[in-house]
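Enquirer: Pasting the sequence and the predicted model now:
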Amino acid sequence: MSDMTFKSCKPSEMTREAFVSHFGDIYEHSPWVAEQAFDQGGIDALDSIATLQQRMAEILLKADKQAQLELINAHPDLAGKAAIAGELTESSTAEQAGAGISECTADEFARFTELNNAYKAKFGFPFIMAVKGSNRHQILASFEERIHNTPDEEFERALQEINKIALFRLEIM
């Protein structure tokens, strides 16, 4: 995990409102994670990316199952309708583009759609993968492998992947 500090901001110098505004979408459409991170106090320690990420990850992992599920469901499908229509958050758009998802062939988009639908039918939430460093072929392979997991395994995996995504997002701030 990174032990860097933020390039463009210092959490210790932020008001609660500024902190939540700046970090509220680290966890997709779930500002409650940033709110709780700030409210725990010890804000000076949060100038370290590693410390802030660890605190936010623990908040997610200690949240009740319904809050976790809502956060998982706030994530878009990989190569889904929102991506095609250009309706993703700025972070999600950049992450999916970086993995080459925007370059999918028609057959690959069809396979993503098929897997997204099958995955959601089986698990009740979208497939989550921290795609940084992966390409669309690796993502499809992971999709095809993970669809055979149990619901509990995939729920836990989704939380792990969301925490990885959060770290990647913090590292570029």
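Expert: Alright, I've got the coordinates.
Enquirer: For residue 172, give me its contacts.
Expert: Residue 172 is in contact with no residue at all, counting by Cβ atoms under 8 Å, 6 or more residues apart in numbering. C-beta: built from backbone N, CA, C; applies to glycine.
Enquirer: I'd like the distance between it and residue 35.
Expert: Residue 172 sits at a distance of 22 Å from residue 35 (criterion: Cβ to Cβ, to the nearest Å).
Enquirer: repeat for residue 104
Expert: 36 Å.
Enquirer: can you give me the helices for the protein?
Expert: Taking DSSP state H as the criterion, the chain contains helices spanning 16-23, 32-39, 49-62, 65-73, 81-85, 90-98, 106-123, 136-146, 151-171.
Enquirer: Dump those helices to JSON lines, plus distance to residue 10.
Expert: What follows is those, written out as JSON lines (distance: least, Cβ to Cβ, whole Å):
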{"stretch": "helix 16-23", "distance to residue 10": "10"}
{"stretch": "helix 32-39", "distance to residue 10": "13"}
{"stretch": "helix 49-62", "distance to residue 10": "11"}
{"stretch": "helix 65-73", "distance to residue 10": "26"}
{"stretch": "helix 81-85", "distance to residue 10": "33"}
{"stretch": "helix 90-98", "distance to residue 10": "21"}
{"stretch": "helix 106-123", "distance to residue 10": "39"}
{"stretch": "helix 136-146", "distance to residue 10": "35"}
{"stretch": "helix 151-171", "distance to residue 10": "13"}
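Enquirer: And these: which comes nearest residue 8?
Expert: Of all these, it is helix 16-23 that lies closest to residue 8, at 9.1 Å by Cβ to Cβ.
Enquirer: Give me the residues contacting stretch 151-162.
Expert: 27-28, 60-61, 68-69, 71-72, 75, 122-125, 128-130, 146, 149.
Enquirer: Also stretch 57-75?
Expert: Outside of stretch 57-75, the residues that reach it under the criterion Cβ under 8 Å, 6+ apart are 27-30, 32-33, 36-37, 92, 124-126, 128, 155, 158-159, 162-163, 166.
Enquirer: Compare neighbour counts for residue 104 and residue 35 and give me the winner.
Expert: For residue 104 and residue 35, the more surrounded residue by other Cβ atoms under 10 Å is residue 104, and the numbers stand at 21 against 16.
Enquirer: Hmm, residue 139 and the more buried one touching each other?
Expert: No - under the criterion of Cβ atoms under 8 Å, residue 104 lies out of contact with residue 139, with a separation of 9.9 Å.
Enquirer: OK, contacts around the residue lying closest to residue 43 once chain neighbours are set aside?
Expert: Counting by Cβ to Cβ, 6 or more residues apart in numbering, residue 43 lies nearest to residue 12, which is 5.3 Å off, once chain neighbours are set aside. Under the criterion of Cβ under 8 Å, 6+ apart, the contact partners of residue 12 comprise 43, 44, 46, 47.
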